[in-house]
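**Student:** I would like to see how this sequence folds:
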Amino acid sequence: MPALPFPAGADKAADTHNGPWRYDCQNSIPHASIELTFRSATNSKMAKKRKNKKLNAPQIFLLTALVGAVVALLIQLASNLAPTTRIPGVDDSRLVEAAAEGDANAVASLLAEGISANSRAGDNSAALHWAANLNDATMASALIAAGADVNLTNDLGVSALWLAAENGSAELAELLLDAKANPDLPLPSGETPLMMAARSGNDRLVQLLIDHGADLNAKEAAQQQTALMWAASERHANVVKTLLTAGADWQSRTATWNEVVQPAGAIPAIRDAIYEVVQGGYTALLFAAQQGDVAVARHLLEAGADVNDRTAAGATALVLASHSGHSELARLLLEQGADPNLMGAGYSALHVAIPHRLLALVSALIEHGADVNALVLSPSPERRDSRDHAIREQLVGTTPFWIAAHYRQTAILQALLAAGADPSFTLASEDTLMMLAIDGRDAFFKEQTRGIVDPGAGEQQALELIEYALKMGIDINARNRNGDTALHKAAGRGYDKVVSYLAAHGAELEAANNRGMTPLANAMRLRGRGVGQSEASNETTEQLLRSLGATL
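**Tutor:** Below is the predicted model of the structure:
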C-alpha cells in the first residue's frame, strides 16, 4: 500500500530567509521498521582459538537455545514499543488499502462486511485520510456515515481536514466540518488547516473554516507565521481580503533571530566581513512588498497597515519592494506616503533599486524626494539565485552615482546627475568613473539573461559609460591609488574596443603604475591564465597595444 503523502510544501519560501512553510519530520517515528540484529558476544581471541573447531551436539543445542531466547526477548521488546494509539478491533488495514487505491466499491463492500471505518494502516492513516487526499467526497461521505472519526491523525499529525485544506477542496472541507472536524487541529509544528487553505487561494474554503470558528491569528511554531502572511506571500489577494474582513491581525509579526552572514562580495578570509544580523520580524505587508503584489498590499494598507513598516533588520516595505525589483508596488507605496530615505537596514530604496537597471523605478524614487547622495552604510542580502542585485561589500561608503557606475548604467547615472548627484565624490580606491566602468559587473548581465548573452555585451556597456565620462570631462589619464590608469584596467581585462577608444582619445600608452607596469605589461601578465571576466583574448590585446606603439 502506498504511504500517505508527506505534508507538501517543504520547499516553500516566502522571504529571503525562511518561508511560511517549514515542516520538521523529527517528530515522526517510523515504528513499523524495527530491525532485529544478533551479534555473537564471543571476543576476538576466543574466536581465533576456536576457528577450526566444530561444535558438538550439546553446544549446538545450547547456542540455539541462547539465540532463540535473545530473539524472543527482542521481539517482546519490539511489541512493547509498538504504538499504543491503535483502536482495539480495527487492525484490519484492507479498508485503508482500498481507500488508498481510490476503489469506492471495495470500500463500500468492506464497510458492509463490518470492517470499522476507523481501521488504521501502519502509519496510523485511516481510510478517511485517503478519501481527503484523493478529494473523493463520495467516499468520504460513506466513511463518515459509517462512523469514521473526522479528527483522527496519522503519525505525522495530519488530519483529513488538513489534507482537504492542502488540496484547496471546499466541498470536502465542508463535509468534514459539518461532521464536527476540528478547524484548528494543527500539525505538531503548528500549521493549521486555515494556513493551508490560505496558501491554496480558495477564499470559499477559507470562509468555511472561519465560519466554523478557525483561529484567524494562529501561528506556526518555527517562524510564528499566520494564515494572513501565507496568503500575502502566495499573492492571494482575495484570501487576504477575506481574512482581513474577518478580523485577521495585519500587525502580527514573524519571529526574530540573529544570524551570522557573509556580505555579498566579501572575501571569506577577512574576519571583519563576517558579522551578525537580525532576521525576521515580517508582517503581511512586508511579505507582500517582497512578492510584489499590488492588490494584496492595497488591501493591507486600506486595513491600516503602516506604509513605512520595517523588518527587524530595519528594511522598510519600500526597500523590500525596490530590492526585489517590484516597480509597480514601490510606486504604490510612494503614493501612499512611504519615506524613500529611511535607511534602517543601512541602505535606501534608491541604493537597492539601481542594480535592477529599472530607470522608471529610480525616477519615481527621485520624484518622491530620494536622496541621490546618500551613503551606503551596510551591504545588502544576496538573492537566492544570483549575487547580482546585492549592494556588495566594496560599495559600502559609496553613493547612488557610484552604484550606477559599478553596474554600468549610463541612463540611470544621467538621471542621478540631473537630480543633483555629486560626481566629485572620491572612492577610497581613487578609481575614476572610467575605471569603474571597466571593472563593473559583467555577471549581472549574464545572470539576467540566464547565460544567453552577446559575448561582447559587458565591454559594450563599459564603452558607453566611458564615452559619457569623457563628455563629463573625466581625465582619461587619471590614476588611482595603485597608479593605474583606465588603459591599465582595459588592457588587463582584455577589452580591445575600449583600449582602441582610449588610445584614440589620448590615453598614455607608456604610463607606468606603482609597480612599474605599463598597460602592455598588464595585458601580458595574464597570458596563459585566461582572461578572467574578459570576453576577449589578452593575446589580441597585447598585439593591439604593440600595433599602437606601446612598449614595456
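**Student:** Break this protein down into its domains, please.
**Tutor:** 1-24+92-249, 276-425, 442-547 (automatic domain parsing).
**Student:** Contacts only, for residue 147.
**Tutor:** Neighbour list for residue 147: 116, 117, 118 [criterion: Cβ atoms under 8 Å, 6 or more residues apart in numbering]. For glycine as for every other residue, the C-beta is placed from the backbone atoms N, C-alpha and C.
**Student:** Does the second one belong to a helix, a strand or coil?
**Tutor:** Using DSSP: H, G, I helix; E, B strand; the rest coil as the criterion, the local structure at residue 117 reads coil.
**Student:** circling back: possible to save the domains of the chain as JSON lines with mean pLDDT and distance to residue 259?
**Tutor:** Listed next are the domains of the chain as JSON lines, based on pLDDT from 0 to 100; distance: least, Cβ to Cβ, whole Å:
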{"stretch": "domain 1-24+92-249", "mean pLDDT": "90", "distance to residue 259": "7"}
{"stretch": "domain 276-425", "mean pLDDT": "93", "distance to residue 259": "5"}
{"stretch": "domain 442-547", "mean pLDDT": "82", "distance to residue 259": "24"}
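**Student:** Would you reformat those domains as a markdown table and include distance to residue 258?
**Tutor:** Below are those laid out as a markdown table (distance: least, Cβ to Cβ, whole Å):
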| stretch | distance to residue 258 |
| --- | --- |
| domain 1-24+92-249 | 12 |
| domain 276-425 | 5 |
| domain 442-547 | 30 |
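**Student:** I'd like to know which of the contacts of residue 147 is nearest to residue 483.
**Tutor:** Nearest to residue 483 among the contacts of residue 147 is residue 118, at 83.0 Å by Cβ to Cβ.
**Student:** Touching, the closest one and residue 126? I think so.
**Tutor:** Yes. Residue 118 lies in contact with residue 126 (Cβ atoms under 8 Å); the separation is 5.8 Å.
**Student:** can you map out the strands along the stretch 151-300 of the chain?
**Tutor:** Ranges of strands within the stretch 151-300 of the chain are 256-261, 275-280, based on DSSP state E, counting those that start in this stretch.
**Student:** Which strands and helices lie in contact with the first one?
**Tutor:** In this structure, strand 256-261 packs against strand 275-280, with contacts taken as 3 or more Cβ pairs under 8 Å, 6 or more residues apart in numbering; DSSP states H and E.
**Student:** follow-up on the earlier one: residue 118 and residue 126: which is more packed in?
**Tutor:** residue 126 (30 against 19; other Cβ atoms under 10 Å).
**Student:** Give me the phi and psi angles of that one.
**Tutor:** phi -110, psi 170 (degrees, to the nearest 10).
**Student:** swap in the one 10 residues further on?
**Tutor:** As for residue 136, its main-chain torsions (degrees, to the nearest 10) stand at phi -100, psi 90.
**Student:** What's the separation between it and residue 95?
**Tutor:** 14 Å (Cβ to Cβ, to the nearest Å).
**Student:** give the contact list for residue 480.
**Tutor:** Going by Cβ under 8 Å, 6+ apart, residue 480 touches 429, 430, 431, 432, 435.
**Student:** Check the spacing between residue 99 and residue 129 real quick.
**Tutor:** Distance of residue 99 to residue 129, given as Cβ to Cβ: 8 Å.
**Student:** neighbour-wise, which of the two wins?
**Tutor:** Shown here are residue 99 and residue 129; by other Cβ under 10 Å, residue 99 has more neighbours (32 against 29).
**Student:** Against which helices or strands is the helix or strand harbouring the more buried one packed?
**Tutor:** Here residue 99 is covered by helix 94-100, with elements defined by DSSP states H and E. Applying 3+ Cβ pairs under 8 Å, 6+ apart, one finds that helix 94-100 makes contact with helix 104-113, helix 127-133.
**Student:** Just put these in TSV and tack on distance to residue 364.
**Tutor:** Formatted as TSV, the helices and strands packed on helix 94-100 follow (distance: least, Cβ to Cβ, whole Å):
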stretch	distance to residue 364
helix 104-113	58
helix 127-133	47
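**Student:** just those helices: most buried one?
**Tutor:** helix 127-133 (a mean of 29; mean count of other Cβ atoms under 10 Å).
**Student:** Which helix or strand lies directly C-terminal to that helix?
**Tutor:** That would be, after helix 127-133 and using DSSP H and E, helix 137-145.
**Student:** Buried by neighbour count: which residues of that next one qualify?
**Tutor:** By 16 or more other Cβ atoms under 10 Å, the buried positions in helix 137-145 come out as 137, 139, 140, 142, 143, 144.
**Student:** Run through who's touching that helix.
**Tutor:** Applying Cβ under 8 Å, 6+ apart, the set of residues contacting helix 137-145 from outside is 99, 102, 104, 107-108, 111, 117, 127-128, 131-132, 150, 160, 169, 171-172, 175-176, 179.
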